[in-house]
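Asker: here is my input; please provide its structure:
(chains A, B, C and D)
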Protein chains: 2
Amino acid sequence: MTRAGVTAARLTEAAADLADEVGFENVTVSALARGFGVKDASLYSHVKNAHELKVRVAVFALAELADRAAAALAGRAGKDALVAFANAYRDYAKEHPGRYAAMRMELDPETAAASAARRHSELTRAILRGYELREPAQTDAVRLLHSAFFGYVSLETAGGFRHHAREVDASWSSAMDALDALLRNWPPAS
Amino acid sequence: MTRAGVTAARLTEAAADLADEVGFENVTVSALARGFGVKDASLYSHVKNAHELKVRVAVFALAELADRAAAALAGRAGKDALVAFANAYRDYAKEHPGRYAAMRMELDPETAAASAARRHSELTRAILRGYELREPAQTDAVRLLHSAFFGYVSLETAGGFRHHAREVDASWSSAMDALDALLRNWPPAS
DNA sequence: CGCGTTTCCTAGAGCTTCTAGGATCCTACT
DNA sequence: AGTAGGATCCTAGAAGCTCTAGGAAACGCG
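Answerer: You can find the predicted model right below:
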């Protein structure tokens, strides 16, 4: 009897795949063990909790998306960078809905700090290099941009825009125009 | 032995309260039954599923927030309306984190259509009366606004802005300024 | 009062989580 | 080669949650 070769990393990736297939809230230690041809109790040598497993998936997805966003940002500036970054978010959510749902988890401060969440902020900030924004407006813009991307993609994947006539793609590109215009014309502090 | 007086509505409200206390993902039929001093099997006369219970909470929260938003919007226009509406979202999420998390659930199309989700769109659209936007820019603006509110509040409650120096309240009001400026100066279709 | 409906119960099956303790495999050191 | 230690996997089992089936008790109405 050879071993199944389970590691924490492999486990996390399998959990992420499972999340994309059956939904993040249906990711379970038992189902994961079945996928590995292993009893569920065995997985507790690699993972403390069911909760820890989900946190691992969230952190993994955060890092994966940060990689994609960084790649999309390379060699681009201004509106090109903005659109490429935003599309990285949207495409990732479409391709990996379970992983994206995992990212919506609440992480406790220390794991959040250790995760790629900070990279997301830094990458969003990198977009602003093509625009003229100084602190503290820069931080405010980073937060608003991140919120807009995140919220738009969340609402779209949740089906929030389904019942409208207008095509979502057209709305999306219009939103990109609007955000670009906003960054070029950020209002002075009141 | 008198009856406990359980109805679907009372159940939903208790579930919403429970969600605010222990988190939406920890809302369980058993815990709810304990709260009513009743066996868990009894609740299945009122609710089909655990899933249906959660959907009920989501729909309930959606309606409750729509009521608040509508009240906040009454008698206001322009930026006043924008800020009041956005604050209704943010305050609700702070006051009722479990209910807000419930709203993030994916609803199947028919229940989503029957829910207050449409009212949210209409209320967001009402904000735009104070600005000069025609279709299809209006729909695009509604989606972007809704995304920004929703995303900002989600990220803030998830602790996404915790590690930054700048006060979130200041960033928030700056975001309001920015969105107001954007609506007053929406870019023409490209 | 009696009838049907609703609410609640007990009993139990099935799934998931997680712990305890034991067996087996791999690695590294002597 | 032999063996000690650690990592991986197992069985067994307790506890919680979901949900069904069938029965009893309360309630509402004619």
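
Asker: which non-adjacent residue is nearest residue A:158?
Answerer: residue B:106 (5.0 Å; C-beta to C-beta, 6 or more residues apart in numbering or on different chains). Using the backbone N, CA and C atoms, a C-beta is placed for each residue, glycine as well.

Asker: how about the contacts made by the one you found?
Answerer: Contacts here follow C-beta atoms under 8 Å, 6 or more residues apart in numbering or on different chains; on that basis residue B:106 touches A:157, A:158, A:159.

Asker: which residues in chain A form strands?
Answerer: Counting by DSSP state E, no segments of chain A form strands.

Asker: which residues of it lie near DNA strand D?
Answerer: A:3, A:4, A:5, A:6, A:7, A:37, A:38, A:39, A:41, A:42, A:45, A:46 (C-beta under 7 Å from any atom of the strand).

Asker: show me what the helix or strand of chain A with the lowest mean pLDDT is packed up against.
Answerer: Least confident element among the helices and strands of chain A, by mean pLDDT, DSSP states H and E: helix A:109-114 (a mean of 87). Applying 3 or more C-beta pairs under 8 Å, 6 or more residues apart in numbering or on different chains; DSSP states H and E, we find helix A:109-114 packed against helix A:50-73.

Asker: switch to 7 Å and redo it
Answerer: Where contact means 3 or more C-beta pairs under 7 Å, 6 or more residues apart in numbering or on different chains; DSSP states H and E, helix A:109-114 is not packed against any helix or strand.

Asker: can you list the buried residues in it?
Answerer: Neighbour counts using 16 or more other C-beta atoms under 10 Å in any protein chain shown place residue A:112 of helix A:109-114 among the buried residues.

Asker: so which residues make contact with it?
Answerer: Here helix A:109-114 makes contact (C-beta atoms under 7 Å, 6 or more residues apart in numbering or on different chains) with A:55, A:59, B:159, B:162, B:163.

Asker: output those in JSON lines, with pLDDT appended to each entry.
Answerer: Putting the contacts of helix A:109-114 into JSON lines (pLDDT from 0 to 100) gives the following:
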{"residue": "A:55", "pLDDT": "96"}
{"residue": "A:59", "pLDDT": "96"}
{"residue": "B:159", "pLDDT": "79"}
{"residue": "B:162", "pLDDT": "73"}
{"residue": "B:163", "pLDDT": "61"}
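
Asker: just the buried ones among those residues, please.
Answerer: Of those, these count as buried by 16+ other C-beta under 10 Å: A:55, A:59.

Asker: low-scoring stretches of chain A, by residue?
Answerer: A:1-4, A:163-165 (pLDDT under 70).

Asker: for chain B, give me its nearest residue in it.
Answerer: In chain A, no residue comes nearer to chain B than residue A:151, which is 2.4 Å away by C-beta to the nearest C-beta.

Asker: and that residue, what does it touch?
Answerer: B:147, B:148, B:150, B:151, B:154.

Asker: and these, which is closest to residue B:180?
Answerer: residue B:148 (11.8 Å; C-beta to C-beta).

Asker: burial measure for the closest one, as a count.
Answerer: Using other C-beta atoms under 10 Å in any protein chain shown, residue B:148 is surrounded by 26 other residues.

Asker: got the contact list for it?
Answerer: Contacts of residue B:148 (C-beta under 7 Å, 6+ apart): A:144, A:147, A:148, A:151, B:179.

Asker: mind running it again at 8 Å?
Answerer: Applying C-beta under 8 Å, 6+ apart, the residues near residue B:148 are A:144, A:147, A:148, A:151, B:175, B:179.

Asker: same thing with residue A:176?
Answerer: A:79, A:82, A:83, A:86.

Asker: would you map the helices across chain A?
Answerer: A:8-22, A:29-36, A:50-73, A:78-95, A:97-103, A:109-114, A:117-127, A:137-157, A:168-184 (DSSP state H).

Asker: list the helices and strands the fifth one packs on?
Answerer: Packed against helix A:97-103 by the contact rule (3+ C-beta pairs under 8 Å, 6+ apart) you find helix A:8-22, helix A:50-73, helix A:78-95, helix A:137-157.

Asker: list the buried residues for it?
Answerer: Result for helix A:97-103 [16+ other C-beta under 10 Å]: buried residues A:97, A:98, A:99, A:100, A:101, A:102, A:103.

Asker: may I ask you to confirm that the fourth one is in contact with residue A:157?
Answerer: Which is residue A:100. Yes - counting by C-beta atoms under 8 Å, residue A:100 touches residue A:157, with 6.7 Å between them.

Asker: what about residue A:174, neighbour count?
Answerer: Neighbours of residue A:174 (other C-beta under 10 Å): 22.

Asker: how many neighbours does the residue lying closest to it once chain neighbours are set aside have?
Answerer: Leaving out its chain neighbours, the residue that sits closest to residue A:174 by C-beta to C-beta, 6+ apart is residue B:140, at 4.0 Å. Residue B:140: 22 surrounding residues under other C-beta under 10 Å.
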